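Novice: Model the structure of this input:
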Amino acid sequence: MKAYWIAVYKGLKNVNNLQGYAEKATIAIKKYNGKFLVRGGKTETLEGAPSPRTVLIEFPSIEDALNCYNSPEYQDAKKFAKEGFHSCLCRRSDQKGLDHLDSDREQEGGSATGYLIN
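Specialist: Purely as a prediction, here's the structure:
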């Protein structure tokens, strides 16, 4: 079953760090067969707070998505998120609904909300 990363950013303080993060994260995402479905672009907020950026990535399976997130390549990319923007708070969906997974970014005051759904 396919799985998806959904990242909804709340703010971007440093576009250069976002670029560095994107370059390194893309390496990990491709390694684990992730496919970008939405990456930035123009948005219109219908409910809630507006977001400067939204990213949607499809993976062949939940295992691929989790392996990507936990990979050394992606963890290296996350280092860029410590200054200027933050990586996503991850959640996953299963039969019990959306269950919270601990996130070091949330504890550090992360400024993005993300979901991992399968």
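Novice: what residues does stretch 35-51 touch?
Specialist: 4, 8, 9, 10, 29, 53, 54, 55, 56, 57, 58, 59 (CB atoms under 8 Å, 6 or more residues apart in numbering). Backbone N, C-alpha and C define where each C-beta goes, glycine included.
Novice: separation between the last one and residue 18?
Specialist: Pointing back at residue 59 there. Noted for residue 59: a distance of 21 Å to residue 18, by CB to CB, to the nearest Å.
Novice: same deal with the fifth one?
Specialist: With distances defined as CB to CB, the gap from residue 29 to residue 18 amounts to 15 Å.
Novice: Comparing the two, which shows the higher neighbour count?
Specialist: residue 29 (25 against 19; other CB atoms under 10 Å).
Novice: what's the longest helix in the chain?
Specialist: Secondary structure of the chain per DSSP state H: the longest helix is helix 15-31.
Novice: Give the buried residues for the helix or strand just after it.
Specialist: The first helix or strand that comes after helix 15-31 along the chain, using DSSP states H and E, is strand 35-39. Buried positions in strand 35-39, judged by neighbour count with 16 or more other CB atoms under 10 Å: none.
Novice: Okay, now the sheet partners of strand 35-39, with direction.
Specialist: Its sheet considered, strand 35-39 pairs with strand 54-59 (antiparallel) by DSSP bridges.
Novice: and residue 36, what are its bridge partners?
Specialist: Beta-bridge partners of residue 36, counted by DSSP bridges, are residue 57.
Novice: List the buried residues for the longest helix of the chain?
Specialist: In helix 15-31, counting by 16+ other CB under 10 Å, buried: 17, 18, 20, 21, 24, 25, 26, 28, 29.
Novice: what's the angle from it to strand 35-39?
Specialist: Here the directions of helix 15-31 and strand 35-39 differ by 150 degrees (axes from the mean of the first three to the mean of the last three CA atoms, to 10 degrees).
Novice: rewinding a little: in ChimeraX, select just the buried ones from the contacts of stretch 35-51.
Specialist: Buried members of the contacts of stretch 35-51, defined by 16+ other CB under 10 Å, are picked up in ChimeraX with:
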select :4,8,9,29,53,54,55,56,57,58,59
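Novice: Report the lowest-confidence entry in the contacts of stretch 35-51.
Specialist: In terms of pLDDT, residue 10 ranks lowest among those, with 74.
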